[in-house]
Every structure is written in structure tokens, then in C-alpha cells.
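# Show me how the following folds:
(chains A and B)
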Amino acid sequence: MALKTGASVLRLNTLRNAAVRYVERVLQLLSTHTRPEVAQNTKYAEFPGAKAPYVTEMKFLNESSYDPIPIYRVLDNSGSVLESREEPSIDKDELVNMYKTMVQLTQMDKILYESQRQGRISFYMTNYGEEGIHVGSAAALSPRDLVFAQYREVGVFLYRGVTVTELINQCYGNHEDPGKGRQMPVHYGNKHFNLVTLSSPLATQMPQAVGAAYALKRQPNNDRCVICYFGDGAASEGDAFAAFNFAATLDCPVILLCRNNGYAISTPTNEQYRGDGIASRGPALGIRTVRVDGTDALAVYNAVKQSREYAIANNKPVLIEAMSYRVGHHSTSDDSTAYRSIEEIQKWTTDESPLHKFKMYLEAKGIWDAEAEKTCLKESRDTVVRTMQEAEKKKRPHWKEMLEDVYYDMPPRIQKQMKQMEEHLKKYPDKYPLDQHQD
Amino acid sequence: MASLVTKKSVLLARLVKNVGDCTKRLSSHFIYYPDNEKPVEGETTKMNMMQAINNAMDLTLKNDPTAVLFGEDVAFGGVFRCALGLQEKYGKDRVFNTPLCEQGIAGFGIGLATAGATAIAEIQFADYIFPAFDQIINEAAKVRYRSGGQFDCGALTIRTPCSAVGHGGLYHSQSPEAFFAHVPGLRVVVPRGPITAKGLLLSCIREKDPCVFLEPKILYRSAAEEVPVEDYTIPLGKAQVLREGDAATLIGWGTQVHVLLEVAQIAEEKLGVKCDVIDLQSILPWDEDTVCNSVKKTGRCLIAHEAPLTSGFGAELAATIQEECFLHLEAPISRVTGWDAPFPHVFEPFYLPDKWRCYQSLTEMLNY
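From the prediction side, this is the model:
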């Protein structure tokens, strides 16, 4: 975020610590404008809220005072590495695993979306267009890093090792759903893999992620960070500002990763915010920030890897804005052609497809080919279809699970309610879908 | 007060048996009983509840040049399409998207109303209204009181879809009326179908107090009635007696009214008893007279709501009824409600105060 003319508010001697020096270097590199000299005898203000030079020329700043924050990428649209020094050293197996996860994710999306249309599950949300953000970030993290996701990050879950079976059981709400059938489909969570269970309200996870990072920081010899995923829409919530500000002021090792996919249901980003996206809020709040091409899994990988190292070494937050495009509808409750054109969508399914780019990269490296693609597609599809058939046969949890886990110990009042329902079901067993639930 | 808002206001509270026997099954848990009686004479059109709400907002935007309608995804009609076509008709400065921020939507609406505009704010789901709680509770409800009557935001109406929909789980099913019913200064209103939705929403918009208008989302598309096309209001603070009897008083609001109408029908068929069925409509302030007169007549009272039992609005009703009707009561007041747990996804049929739970409770009350 290079400050244009009028940059006298930024001056080297006010920027003392290492983090800020880094920002300054970036500013120098990126600025297309020379900064006006501040007179030698400029007086610096000592207000508690701002240490800045006094000037006699009044200047308002606005969004055009700054150059747009550039978008870092490693791959071009044909999957070629643009700068060889930027190519991450990821071993062959991991690269293949990243790609296979993306394929598995799209096959799961395709089949589960259709299964909702057939009335087999009640709801679904696809991840099309954002697969690169999922696997790029997941591969760069330690499996022990704690994840606070929004709801469109299932690729992270898959990459961590959550099975397709577990995810589909959640969507069906059967007795093998770790969430015990209580939440709508796609509200996954897995304690073993450090994936905090999702909730539907937006941005609520953001200050929580920051608090979790504070707790990790205080643990002896901490080597973990927290990553928090959120969208361009969620960033408008009050909780988002709270998260940024708490993360900065309380020095929390958290990666705040915005998936800016252009839409919050129907609301395009030009009605969601003005100014230079979500990334511009980072430096404003004292957070190290980078913007990346979210359709480029390697760019996301590099950004998250560096952010993770920095966050843990310095106990500081990092904001990453990963630019992408929500190719699918918001959810199965939405028809996005009501507010955007099919032509607009198509561009992002071809040239800018994260899978396409990554596949070409692997092919050029000689570790992927048409045969591997064919096998992978078939295996992924078969896994989902087979798992779905199994999930459909599994019963839902016992109805009493409805009243468990409200409190650690069930209070007498809820015990009484459970008893009432039990008596009621004895009188009216045929009025309830007891056969769909476990005995 | 509310009945004086327009000349065309009608006291539907006086109407009895204005619901028909024509029924339609909407989900596993209730049958919809459409209103047959019209609040005003004149031309009608078949509308579902989404269209009736759209029609009320259309009339407001047409007749009140200060009126604006806004919220998340409202520009293309909103996720339930209640604002469909209104931006095309009235322009982007009157019907518009806001950033995704409920506290912003509520505060923005209070500001609009403070400065003389009519504000219709949409919160996408009632489950997501809680970030706006501070603005609604500490600001909207208290503006007039704290300014000694100098300022008010009565021109603010917050519309939000609520209640069970069959598959909404924790965060697309809640009925938060009792939270707002604890706040003097607010009006809280829940319609039971298209005709009441239009009349009550127009009353809320014109009412001199800020209103929270909770729309049972399951009724948006499937509940259809012959709705008068002209402007009319239904008074706030008034309940409606939909079915009459002497055996018991059944009280509900929103979708639950239809459950209770069916329970009354079953009781009549199976037990040969008739019940009063009351749609409370206005949760705050509520119609103590209609409720207590009914309970004094029947001596028995069953209250049913989807929200959890503990501190649900049924608690307030029960407390007042026992104070006012103590010597008339033949049985303890019964509450049939959602259980004291978050609203669960696959357990919804076991969670809701469905007709069988209500019916069992009614039979126990009759045999007390």
C-alpha cells in the first residue's frame, strides 16, 4: 500500500521496530510516487494517539491516495512459474496430494450438490473457485495449528485428513456425524485434527480465533498458530474489526485469511466496501498484510508459510487477502443467475481455474498426466458415491441426543423435559419418525 | 392507539371464526388454515405471505416518499424475495443492499427514523439479529424516553424471518420474540399468514414506536390467501380469537396458531369439546383483555410456542393469567414449547410443540 503524494505523514524516524521497517521497505519498493521532503525543522506532535509531523498544508487522504495493494502470484494462467526463486520446495508426494485433494473436493461438491437437489440432504454449499486457497493454506500449516473456518473451507478439512465418510455423515446428520445431527449440512468440525466446529453466524469465529491465538502464545515453547478463514462479506461485521484490532493490540499469533470471492450471497464487493479491499485494513490497524492470487495454490502456500513463521516467531498477526471468485451459487438455497451473468462466471471456470493451473504445473513437472487424472477422477467420484450410499443407510442418532450436551451435566429441568418427551413418545409412537433414529 | 392509525383500520379482534376449513399440508408438523374473512371490503388477489409483505412495502414506498427499504441482499429482492421488483420500481436510493452487518443495519435505521425518514430494515434471519441487539435494546427502544420525548425512532420497522422451516438447524430456526419482549419501548409483532402480514406490517411501519416484525419463514411461499389489494391496517396490541369454545383457551402466534387450530379441531372431533384459539399477534405490548376474558370463560389455558420453555413469552402470559384469572382456573396453565436446548437439525420433529404434544397436554388439562 504505497502512499502517494502527501506521504509526509510517513517518515523513517517514526518507524522504529522491525515489522514496521519491513512495511517501509515494501512502501519504497511499491511506491510510484516520490515522497515530498519534510523540512528539516519539522516539529513532531507528541499526542498520545499519534506521533506525527505537524504540517501547514491541509491534505485529505482518500482511496486514490494509495496505489492498489498488488496481488502476489507464483504461477501464470498456464501453470508456469513466473519467477523461479518464488517456486516453493514442496516434495512431489505433497504436490500430488494437494492436487488430489482439490479433485476430491470438486467431486464431493458436484455429487453432494446434486444429492441436495434430489432431496437426499437438506442443504449444501460448494467450494468451486476457491480450491487453491484451501489446499495452498492447509499444506503450509502444521497439522497442529488451530483452524477457525467460516463454512467454505472444506478442502482444508480434507487436506488435514478428515475423511469423505465423516464429511458426508455430517451432511446426512446420521449417528456417525461427529456433530450428532444437530447442525445443518457443511457445519463440520474435528477436534483431533484441530478444526473448530463451524457455526452459521458470520465473523463470530474471528475474535474467537484471536483469543485462541493469545492462549497458544502463553503456552510454554509454543510452536503453533491459529488460522482464521473469513469472507469479504463477513469482513463487514463488527466482529471482524474487533478481531483485527484485538489481534494487533494483544500481539496474537494468528493468520487472518480473507477469501475475497467477490460476492456475499448476491452482494458484490463494490456494494460491500469502498477502498482497496480487505487488505488495506491491515496496515491501517498495524497488521502485517499481503494480498495473493487465491486461484494460485502456490502463491497461497508461500504467503501462509511465511505468515506462519512470522506469527509464531514474533507473536504477531498477519492478514492475507486471497483474491478469488465464487464460481458456484452461495448455497443450494441460491440461484446466482438472478444477480450475475453466466458469461461472468464462465471466465473463472476456465482461465482462472485453480485446478487447471495447478494441474498444468504438475504436468510440466512430469508428476501428473492424463492417465493419473482419469484414475484420480474415478476414484474420487467412486469414493463419494459409495460413501453416500453407506451414509444413507445409517440411522440418525437417538432422539435423546437432542437434549444432551446443552450443559456438561444435564440440569434437572432438562432431565424433566426428557422424561416428558419419553412419556409422550410412549403414547404417540406412530406420530414420530422413531424408525429413522437409533433405538 | 394503533387502531387510529388509518381510517381503514379494522378491529379484527372482534372477528370470530374467520378461518376456514380449507387446509393444506405444508410440512410434517402443521396444516395451514387460511383466513377467509377479509379485513376490508373490495378487490382481493391471491397472495402468499411473501407477496403480501412485498405488497405492503410497495404501498409504503409508493405513498411515503421518505420511505426506504434496505438490508443484506435486498437489492435483488432479498433471500426470501420479499423485496422482489421494488428496486426496479423505486430506485437504488430507496431500495438497496447494505454491507453485511446487522448492527449497522439497525443503527442506520434508527438514524434514518431520527431524521424523519420511514425506515424498513431487513435482517436476513432472526437468528442473525443478535449483533443488532445493542442498537435495538439500548437505542431504538429508549430514544424517546431518554430524550424526554424530543426524539424518537418510531418510523423504524425491523423485519426478520423467524421460526422453524423443517431443516434450518441451530441458526435458521430460532424464534427470538421473548428477548425483545423484555424491552419496554419496542413493539414485537408476529403474523400468521398473508392477510395479517400485510395489515400488521403496515401498522408497524406507521406506528409511532420502533417495531420488530418477525415473519415465520415457512409461511412465505406456501401460505396463500385472498388478500385485499388496497391499503389496510390491523391494530397492534390486539389479539384475535380465531375459533370459539368453552373447554379451554389455546394461545399461540405465527406458525403455532395453525398447530393449535388443528388441535382444537381434533379435540372437537375426538372429544366433542370446543376451544377458544387465540392468535396473540402482538407479543409486546400484548392484549391482556382478550386473553384474560377468554380464560375466565374457559377456566383452562394452554400456551404454545416454538422458542424454548424457560423464559419464553409463555411464562409472561402464564404469570399474568394466574394473577388475573386465579379463581376461574380449573387446571394449571400448560405450556407446550420447544425444549430447553438449541434448535436441532435432524431432531426437529421431536423438538417442536407439535399437535400431538399440544393435544396430549390439552387432554391432561381437561381431565385435571
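# thought B:A164 was touching B:E306?
Yes. B:A164 is within contact range of B:E306, at 5.7 Å (criterion: C-beta atoms under 8 Å). Just so you know, the C-beta spots here come from the backbone N, C-alpha and C atoms, and that holds for glycine as well.
# Any chance you could list residues touching both of these two?
B:S173, B:S175, B:T255, B:L352 (C-beta atoms under 8 Å, 6 or more residues apart in numbering or on different chains).
# So which of these is the closest to chain A?
Nearest to chain A, judged by C-beta to the nearest C-beta, of the shared contacts of B:A164 and B:E306 is B:S173 at 9.4 Å.
# close enough to count as contact, that closest one and B:S163?
Yes. With contact defined as C-beta under 8 Å, B:S173 and B:S163 form a contacting pair (6.7 Å).
# list the residues that contact both of those two?
B:E306.
# Nearest residue to A:I227 in space, ignoring adjacent ones along the chain?
What sits nearest to A:I227 in space, not counting adjacent residues and going by C-beta to C-beta, 6 or more residues apart in numbering or on different chains, is A:I255, at 4.5 Å.
# Return the residues in contact with the one you found.
A:C225, A:V226, A:I227, A:C228, A:V304, A:S307, A:R308, A:A311, A:P317, A:V318, A:I320.
# List the residues that contact the third one.
Same thing as A:I227. Residues in contact with A:I227 (C-beta under 8 Å, 6+ apart) are A:S137, A:L141, A:D145, A:L146, A:V147, A:F148, A:A209, A:V254, A:I255, A:L257, A:V304.
# Sticking with it, tell me its helix or strand.
strand A:226-231 (DSSP states H and E).
# again with the last one
Secondary structure assigned from DSSP H and E places A:I320 in strand A:318-323.
# So which residue is smack in the middle of chain B?
B:V190 (0.5 Å; C-alpha atoms, centre = their mean).
# my guess is that residue contacts B:Q256, does it?
No. Assessed by C-beta under 8 Å, B:V190 is found out of contact with B:Q256, at 9.2 Å.
# Ramachandran coordinates for the closest residue to B:N54 other than its chain neighbours?
For B:N54, ignoring the flanking residues on the chain, the nearest one in space by C-beta to C-beta, 6+ apart is B:C82 at 5.4 Å. Here is the backbone geometry of B:C82 (degrees, to the nearest 10): phi -70, psi -20.
# pLDDT score for B:C82?
pLDDT for B:C82: 98.
# could you give the mean pLDDT of stretch A:327-347?
Average pLDDT, stretch A:327-347: 92.
# swap in stretch A:210-217?
Stretch A:210-217 shows a mean pLDDT of 98.
# which bits of the stretch 101-250 of chain B sit near chain A?
B:101-104, B:127-128, B:130-131, B:166-172 (C-beta under 8 Å from any C-beta of the partner chain).
# farthest-separated two in these?
Using C-beta to C-beta, the two most remote members of those are B:G104 and B:G166, lying 30.6 Å apart.
# between those two, who's got more neighbours?
When B:G104 and B:G166 are compared for neighbours, B:G104 comes out ahead with 19 against 14, by other C-beta atoms under 10 Å in any protein chain shown.
# give the contact list for the closest residue to the more buried one other than its chain neighbours.
Nearest non-adjacent residue to B:G104, counting by C-beta to C-beta, 6+ apart: B:T98, 6.4 Å away. Residues in contact with B:T98 (C-beta under 8 Å, 6+ apart) are B:F70, B:G71, B:E72, B:V74, B:G104, B:I105, B:F108.
# Centre of the chain to the helix or strand following the strand holding A:I320, how far?
Using DSSP H and E, the helix or strand that follows strand A:318-323 towards the C-terminus is helix A:342-349. Taking C-alpha atoms, centre = their mean, to the nearest Å, one finds the center of helix A:342-349 at 22 Å from the center of the full chain.
# Could you do stretch B:194-202 as well?
10 Å.
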